[in-house]
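> Have a look; sequence and predicted model below, questions after that.
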Amino acid sequence: MDIRPLTPDYAVSPQIEPGDLPAIKAAGYTTIIDNRPDGEIPAHLHTDPMRQAAEALGLVFIPNPVIGGALTMANVTAQAEAMAAATGPVLAYCASGNRSSIVWALANAGKRPVDELVGIPARFGYQLDHLRPQLEALAREA
């Protein structure tokens, strides 16, 4: 498990396992967002078993599968709603943490400077420079 905090309230991670959930809860996370489509992963990591394991520990589990190269504004809206509804820190995961960083950045367009939305994930190796025009456009609409 490799938790990468983008902010005090939102972190991303590569794929987690059910056995990671007790440590995630102990670290103070209250909500887990699964940005990984079931078609990419083995059955024991699919949404339903992960949700059952998370909820058994009292964690909120929200599936928001983001298909690589096919991110939608519905994904961004769902991520934003999950973050807003969280009662504590959120951990979002996908294959590497990149997609979870992208939906975070897009959900925060207009709320944080574009340089932060690109620069914070870059500290962890996520290169979001290509999103600058979209982040700027969303910020103008906000």
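Arrived safely. Numbers count the residues shown, from 1 in each chain.
> Could you list every helix and strand in contact with the helix or strand of the chain with the lowest mean pLDDT?
One helix or strand of the chain scores below all others by mean pLDDT, DSSP states H and E: helix 132-141, with a mean of 89. Judged by 3 or more Cβ pairs under 8 Å, 6 or more residues apart in numbering; DSSP states H and E, the packing partners of helix 132-141 are helix 98-107, helix 114-122. For glycine as for every other residue, the C-beta is placed from the backbone atoms N, C-alpha and C.
> closest to Ile24 out of these?
Ile24 lies closest to helix 98-107 among these, at 13.8 Å (Cβ to Cβ).
> The closest one: how far from the chain's middle?
Centroid displacement of helix 98-107 relative to its chain, using Cα atoms, centre = their mean, to the nearest Å, is 6 Å.
> who touches the least confident helix or strand of the chain?
With contact meaning Cβ atoms under 8 Å, 6 or more residues apart in numbering, helix 132-141 is reached by Ala105, Leu106, Ala109, Gly110, Val114, Leu117, Val118.
> Would you mind measuring the gap between the ends of stretch 49-62?
Its first and final residues considered, stretch 49-62 spans 13 Å by Cα to Cα, to the nearest Å.
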